[in-house]
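Participant: Could you look at this predicted model? Sequence included:
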Amino acid sequence: PERLEAVFLPYKEAMWDSMETIWRAADADPDCDAYVIPIPYFDRNPDGSIREWHYEKENYPADIPTLRYTEYNMERQKPDVVFVHFPYDRNNYVTGILPDHYCKTLQSQTDLLVYVPYFVNLDDVPWHFCVCPGTLYADMVAVQSERVRETYVRESKKFEQENQCQGQFGDLEKKFLALGSPKIDKAMQLASEHFSVPEEWKKHLLMKDGSRKKIVLVNTTLKYLLERKEDYIEHLWEIFSVFLFFFFFFLFLGFFGIALWWRPHPLAESSLAAMDEALCQKYLMLVSSFKKNNLGIYDDSGELHRAIGMCDACYGDNSSVLALLMAAKKPVMLRNMTRSFPAGDTGTGKFMNAVKAEKGGMKKMILFENREYALEHFLYDLLHEGQWEKIIDFMESVFSEYAHETCSNLGRAGESIYQEAKKRCQEEN
């Protein structure tokens, strides 16, 4: 066609970053009409029934023009290319979307269905992400690296063999492409962005003279919460107690500058409500107590990039957020899930004791909490510029050496994905 018609179907605004730079490339192309059409989604009850609908069209940034999903007839328009990031169709126990927006349905309503994962990984991808409706029915799947691509291809071939459906889902070698991740694009741009925060947060972020405190982002995940249950909640209490102790300790020493910014997994509450109501109540008690006691900022907003852009460091669980923090050059400490260190053992306090040299690629950037270098040391170094500069320099040197292994087309993945999709559409016609 003379003009390309491209449709983007994000469901959760917090995950729009997995599409944004692709859309910006399409929007900048004078030969493309690009439409962002947020779709509704719902949370499930434990029995699988619908608990609550969400529609987040109004949450998108002002510079992103959006259409209501009822204003665009997919079957009649039959756009050249459709980009999606919800790959599960009906096969998700926590969240659901309308059947009209299933990948299986969309495949027949466009020349090219493109699935872009809403997550990133530090190294490889778990097998179960490789064989879901989005990967099966899409004509093109854009993944972050060659290593990840090989896993998608291998697991998809295995799925076809086990289900005796070889060839039914296209040429797997051509379907999966290592084109990078738009999420990494976005994270690399964060240093130059200016963020606003709610007025009530400023008391936690600013010192009396108006200067900004050092901000530690505490990243907690759904995986460990569901696995460890009450033990995990107790562990969070211990972590918050460490921050509280060091706040008063540093205050005694004349330092006023650490702020705690807790950002739980965005699906934590809805997932617990759908899977474990008793645990959900205990978790909500923890959240309520955190807020009531003013321990820090509780951030359940959809603005992940604000947290990444504004924080100075991150402490918490292993998750896809770590790759984004590393792309933004923010030091990360992966917490020790037991913190069962010998009583009175303060360790050496040297950050290199938390680096695992045997880890491959970007994982060398992670500080693994241990008795020799624990959260307490991490917080101490954060307030001492000389020590912190050494950590930053180390992180940047590792990033420069290994980042290309973790993500292809660093900083330009969105453009690469769009151009490949455009080329395929042109070849199709």
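Facilitator: Thanks, I have it. Numbering: from 1, shown residues only.
Participant: which residue is nearest the middle of the chain?
Facilitator: In the chain, the centroid-proximal residue (Cα atoms, centre = their mean) is residue 321; its distance is 4.4 Å.
Participant: ok, it to residue 58 distance?
Facilitator: 25 Å (Cβ to Cβ, to the nearest Å). For every residue, glycine as well, the C-beta is placed using N, CA and C.
Participant: can you give me the helices in the stretch 101-250 of the chain?
Facilitator: 103-106, 133-137, 146-162, 172-175, 182-189, 202-205, 222-228, 230-253 (DSSP state H, counting those that start in this stretch).
Participant: Next, format the ones you listed as TSV and append distance to residue 16 and mean pLDDT.
Facilitator: Listed next are the helices of the stretch 101-250 of the chain as TSV, based on distance: least, Cβ to Cβ, whole Å; pLDDT from 0 to 100:
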stretch	distance to residue 16	mean pLDDT
helix 103-106	18	97
helix 133-137	17	96
helix 146-162	21	95
helix 172-175	24	96
helix 182-189	9	91
helix 202-205	25	88
helix 222-228	20	86
helix 230-253	28	75
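Participant: of all those helices, which lies closest to residue 420?
Facilitator: For the helices of the stretch 101-250 of the chain, the distance to residue 420 is smallest for helix 172-175, at 10.8 Å, taking Cβ to Cβ.
Participant: quick one: low-confidence parts of this protein?
Facilitator: 1, 191-193, 246-256, 339-349, 357-360 (pLDDT under 70).
Participant: mind listing the strands for the stretch 301-429 of the chain?
Facilitator: Secondary structure of the stretch 301-429 of the chain (DSSP state E, counting those that start in this stretch): strands at 313-316, 332-334, 366-368.
Participant: looking at it, residue 419 is touching residue 22, isn't it?
Facilitator: No - Residue 419 is beyond contact range of residue 22, at 9.9 Å (criterion: Cβ atoms under 8 Å).
Participant: Which one's more surrounded, the two?
Facilitator: The residue with more neighbours, out of residue 419 and residue 22, is residue 22; 28 against 16, by other Cβ atoms under 10 Å.
Participant: Report the spatially closest residue to that one, excluding sequence-adjacent ones.
Facilitator: residue 414 (4.4 Å; Cβ to Cβ, 6 or more residues apart in numbering).
Participant: Can you give me the distance of the one you found to residue 157?
Facilitator: As judged by Cβ to Cβ, residue 414 and residue 157 stand 28 Å apart.
Participant: Between those two, point out the one with more neighbours.
Facilitator: Neighbours were counted for residue 414 and for residue 157 using other Cβ under 10 Å; residue 414 has more, 28 against 14.
Participant: Understood, closing this out.
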